[in-house]
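Visitor: okay, sequence plus prediction incoming.
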Amino acid sequence: TGVSKKQYLVIKNNSRIPLEYDCSVPAKYQEVVIFDPPKAILQAMRKNNVVCTFTPTAKREYKLSVPVQVTNIYDTTKEMIGYFNPGSGVAIKAQQKREQSKYEVRVYGVGNDGSLSIKPSKLEFDTVTVGFTKILSLTVINKSKTNLYIDFQLDQNDTEQKSEEEQQEIRRIVSENFKFDFKEGIVPALSKKMVKITFKPSLRFDFKIKLSCNAREKPVSNLRSTIKANQFLSQKYSINIMAKGDFPLLRLADIRNEQMSVSNLWEKFELTFLNKELLTVLSKSEIEYSSSERKTNQSVQDLQKNIKVFSWDFGKVPIKYSHKPRKVTLTVRNVGGVHAEWAFKLPNDSEIELEPWADPGEPTPEQAFEKHILDNNIFMIEPKTGSLAPGEQTDVNVYYVSKEVDFHHLKVFLQISNGKPLILHLKGETLSRRANLRLCKDEYHIPPVPIGLEWSVTYPIEIKNLGITKLKYKVDLENLRKLNDENHNFNIFDIENPEGVLMPNEVQYLYSVFRPLESKNYHIELPLKVSDIEGVVQDISLKINGVGYQGEENKPKEIQFYEDLPKCRAHCQPDDEILAAFSIEEIDFGEVDPEEPSKRMVILYNMSHTQKLSFEFFKTGLLCTDNINLMPISGELEPNSHKNIKMVLKAAQLPTIFDGEIMCQIEWEDNANRGVGTINETHTGTKSVVTHANENEFLFIRLKKRSCLDKYVKNNNYELAKDPVKPSLFLNNLFIDAMDEVLEDKDTDTLFEKLEEEPIGAYSMLDEQEPPT
């Protein structure tokens, strides 16, 4: 179908008068059968050659009867008297005698799609790396007895919903990425033609293409004007082409350390931004850098100046614990569709060894410092190279070996073959025997809070002493008072515990409270001074942002505290050092009503085949006035076993918002003599976690909770069960912790047992023993 075939027909006038013929093709078949010329005048004893063109439009059998009407032609002047002797006669009325005769021309033909075919019926290039080529071939088969002129046309599917500009751009992309060695030409009758298609992707794109092969005979020069030429260029055959251009895509799917939480490491290693960058299209400078090993005239500095730089910060390590390197394990996963080869390149990897007699010259201070770091292996990466098939993943260990009190840094190149190049700025600091306070973030964004609240919202900010000596902190509230004065003397922000003491490795929280007066953004910077026994050791700026809104429809989008973190551990291998894991490491309680319990559950796994472990959850000040019950809070796990941990969060009357972590200490059977964490009683009465750095293994669960703040807005229809009298946060925590201590104390259990056995005599024991601690 869609291909034309011609036959020649001779029409002869055997009479001695002129005749006119007219081939009247029925309207239904005027696109199928065409006579050329369809109408003409034949003089006496003359003949005319008529071309009949048959173009089937459907796969079927055609039997057509085309009427041919023949009419005699009279010359009216010849009917005048005196025609042969002009002026001798008188004109008379001409008698028109037109006689008609009818004939039939029978046209037989078959429309079939088998005259032209393409094999295979589908081409699949799969995924090809950007810049590389893949060639596939197809065969065009002309089964007809007519030479066919063919041409190919490529069209991307599913472009109907796109604008005209977008469609033009897609057509341009398709034409640039696919090339034919035979785009158009003649395919002789009863023959085959092999066509090679080269796919060379220039960008990351998913091609779903319809390849149309249009066929026709040589264009007829004098076709009937009512027939459009493109009806002879009708689609003869079409196949689908599936192809995808992609560059190697890696993603850092997980990051682990036996003592630091995933969220802290994720923030320090900037993995959220790094993973986003790995998915972006290569820029011109990145393409030049990736091809620089093959040929380039540019210097290394010129090639590197436009490469993105990301910081990998190992944090701060006290010199006391420098005997053990800080090891961070990153899980690298190939999330693309092509094979990915990667390599970490240190500055000395391409260094040429000089002859003994050669003078390298005097190095600059920067070069000398870099050489010192490389010679002493202060930063190490294992393995430095690797190869991953699509979907595969592997672990890469990076080390910071702190041997001296100093701030160390080193630039390392992450080169993905034919993919994105990055510069990684490795950082680590070895602390002296002084205190050091750490904030989790440089700037905090309190989630949006509606205006008109009865009570301020409490938002905890984690602080930790990374040093080995006790520290004192004090927040300067002068800027806070100024902000509140500028807002009609209304307490927009406040810090409930602006000063305090942290023991070495202790975690506490600054309790900031926020109650917006207007629908706008609020920002405050508070100086935070940190000192130890030797004096002031740090000056930190605590930046807090808050936003007020009115009406749920006007609620701004919340800036996430944790973004793009793994929900659970990526994988576990038998040779891993960390063989304990939670089924999920992020629990979102959502919006919780006051005094309403919210329940969740996680599973703790012991994946060791030989060792038993014991676990214990540390208490935390993250929850503010809320209370969480973990069942069990401690216990033991046999090898290759698991335990369900039930969590029940009961929100207090006062509104709170928190994003943070609770810590679970893991102790293995063969490490029972190692140090354990302790609970430190602070001067405020709250309990905080004190851990022994580089001695214990910890797991972390991220908790997220929001109060139903609309129920605290004035003049709404919700009434609290009782008017919340705002207590001191620290007194509240002190009371809760004191009750827990009493109920968990062994002397209390002994007292209850005595009361059951000797209800009267048990009281005498109170005079003999110290009360429960």
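Guide: All right, it came through fine. If you're wondering where the values come from, they're calculated on a predicted model, not measured in any experiment. Residues are numbered from 1 along each chain as shown.
Visitor: bridging residues for the residue nearest to Glu184 when sequence neighbours are not counted?
Guide: In space, and not counting its chain neighbours, Glu184 is closest to Asp151: 3.5 Å by C-beta to C-beta, 6 or more residues apart in numbering. (C-beta placed from N, C-alpha, C; glycine too.) In this entry, Asp151 is beta-bridged to Glu184, Asn214, by DSSP bridges.
Visitor: residues near Asp151, how many?
Guide: Asp151 has 15 neighbours, counted by other C-beta atoms under 10 Å.
Visitor: if I look at it, how far off is Phe182?
Guide: 10 Å (C-beta to C-beta, to the nearest Å).
Visitor: how about the strands of the stretch 51-200 of the chain, start to end?
Guide: 61-72, 100-110, 116-119, 122-129, 134-142, 148-156, 178-180, 184-187, 191-199 (DSSP state E, counting those that start in this stretch).
Visitor: now for the longest one, which elements pack on it?
Guide: Read that as strand 61-72. When contacts are defined as 3 or more C-beta pairs under 8 Å, 6 or more residues apart in numbering; DSSP states H and E, strand 61-72 sits against strand 19-23, strand 33-36, strand 100-110.
Visitor: Gln560: what secondary structure?
Guide: Following DSSP: H, G, I helix; E, B strand; the rest coil, we place Gln560 in the coil state.
Visitor: count of neighbours near it?
Guide: 13.
Visitor: can you pull the phi/psi pair for it?
Guide: When read as degrees, to the nearest 10, the backbone of Gln560 gives phi -70, psi 140.
Visitor: quick one, what contacts it?
Guide: With contact set as C-beta atoms under 8 Å, 6 or more residues apart in numbering, Gln560 has no partners.
Visitor: quick check: closest non-adjacent residue to Ile533.
Guide: Leaving aside its chain neighbours, Ile533 sits nearest to Thr469 (6.3 Å; criterion: C-beta to C-beta, 6+ apart).
Visitor: phi, psi of that neighbour?
Guide: The phi/psi pair for Thr469 (degrees, to the nearest 10) is phi -130, psi 160.
Visitor: about what we covered before: so for Glu165, which of the helices and strands packed on strand 61-72 sits nearest?
Guide: Taking C-beta to C-beta, strand 33-36 is the member of the helices and strands packed on strand 61-72 nearest to Glu165, at 39.4 Å.
Visitor: what is that closest one packed up against?
Guide: Judged by 3+ C-beta pairs under 8 Å, 6+ apart, strand 33-36 is in contact with strand 47-54, strand 61-72.
Visitor: who touches the helix or strand just after it?
Guide: Once the chain leaves strand 33-36, the next helix or strand it forms, by DSSP states H and E, is strand 39-42. Residues outside strand 39-42 that contact it (C-beta under 8 Å, 6+ apart) are Ile11, Lys12, Asn13, Pro18, Leu19, Glu20, Tyr21, Asp22, Cys23, Asn48, Ile73.
Visitor: what mean pLDDT does strand 39-42 have?
Guide: Mean per-residue pLDDT for strand 39-42: 90.
Visitor: partners of the spatially closest residue to Gly337 that is not a sequence neighbour in the sheet?
Guide: Excluding the flanking residues, the one nearest Gly337 by C-beta to C-beta, 6+ apart is Thr127, at 3.4 Å. Note on Thr127: beta-bridge partners by DSSP bridges are Lys244.
Visitor: do I have it right that Thr127 meets Asn334?
Guide: No. In this structure Thr127 lies outside contact range of Asn334 using C-beta atoms under 8 Å: 11.6 Å.
Visitor: what touches both of these two?
Guide: Shared contacts of Thr127 and Asn334 (C-beta under 8 Å, 6+ apart): Pro390.
Visitor: more crowded one of the two?
Guide: Neighbours were counted for Thr127 and for Asn334 using other C-beta under 10 Å; Asn334 has more, 24 against 17.
Visitor: contacting residues for the residue lying closest to Arg326 once chain neighbours are set aside?
Guide: Nearest residue to Arg326, sequence neighbours excluded (C-beta to C-beta, 6+ apart): Tyr400, at 4.5 Å. By C-beta under 8 Å, 6+ apart, Tyr400 lies in contact with Phe314, Val317, Pro325, Arg326, Val328, Ile378, Phe379, His408, Leu426, Gly428.
Visitor: narrow these to those in helices?
Guide: In helices, defined here by DSSP state H, there are no members of those.
Visitor: let's see if you can find the most crowded of these.
Guide: Phe314 (26 neighbours).
Visitor: where does the prediction get shaky in the stretch 151-300 of the chain?
Guide: Within the stretch 151-300 of the chain, the segments meeting pLDDT under 70 span 159, 217-236, 290-300.
Visitor: how far off centre is stretch 253-266?
Guide: Its chain's C-alpha centre and that of stretch 253-266 lie 20 Å apart, by C-alpha atoms, centre = their mean, to the nearest Å.
Visitor: and it, end to end?
Guide: Across stretch 253-266, the terminal residues are separated by 10 Å (C-alpha to C-alpha, to the nearest Å).
Visitor: buried residues, it. List them.
Guide: The neighbour-count check on stretch 253-266 (16 or more other C-beta atoms under 10 Å) flags 253-257, 259-266 as buried.
Visitor: can you name the two of these that sit furthest apart?
Guide: Distance extremes for the buried residues of stretch 253-266: the farthest pair is Ala253 and Gln259 at 20.7 Å, using C-beta to C-beta.
Visitor: was I right about Thr71 contacting Gln100?
Guide: Yes. Contact criterion C-beta under 8 Å: Thr71 and Gln100 qualify, at 5.0 Å.
Visitor: which of those two has more neighbours?
Guide: Thr71 (14 against 10).
Visitor: partner residues bridging that one?
Guide: Glu20, Gln100.
Visitor: list the contacts of Gly428.
Guide: Going by C-beta under 8 Å, 6+ apart, the list of residues near Gly428 reads 313-317, 326, 378-379, 400, 402, 407-409.
Visitor: on that earlier part again, buried subset of the contacts of strand 39-42?
Guide: So, by 16+ other C-beta under 10 Å, the buried ones in those are Ile11, Asn13, Pro18, Leu19, Glu20, Tyr21, Cys23.
Visitor: how about Asp659: what's its closest non-neighbour residue?
Guide: Closest residue to Asp659 apart from its sequence neighbours, by C-beta to C-beta, 6+ apart: Phe561 at 3.8 Å.
Visitor: now Lys474
Guide: Nearest residue to Lys474, sequence neighbours excluded (C-beta to C-beta, 6+ apart): Glu499, at 4.2 Å.
Visitor: any idea how many residues pack against that neighbour?
Guide: For Glu499, the neighbour count with other C-beta under 10 Å is 15.
Visitor: ok, Ile468 to Val70 distance?
Guide: Remark: distance between Ile468 and Val70 (C-beta to C-beta) = 118 Å.
Visitor: which strands or helices does the helix or strand where Arg251 lies pack on?
Guide: Per DSSP H and E, Arg251 falls inside strand 250-256. The elements that strand 250-256 packs onto, with contact taken as 3+ C-beta pairs under 8 Å, 6+ apart, are helix 262-268, helix 271-278, strand 326-334.
Visitor: which stretch among these comes nearest Ser519?
Guide: Comparing the helices and strands packed on strand 250-256 by C-beta to C-beta, helix 271-278 comes nearest, at 29.2 Å.
Visitor: angle of the closest one against strand 250-256?
Guide: 170 degrees (axes from the mean of the first three to the mean of the last three C-alpha atoms, to 10 degrees).
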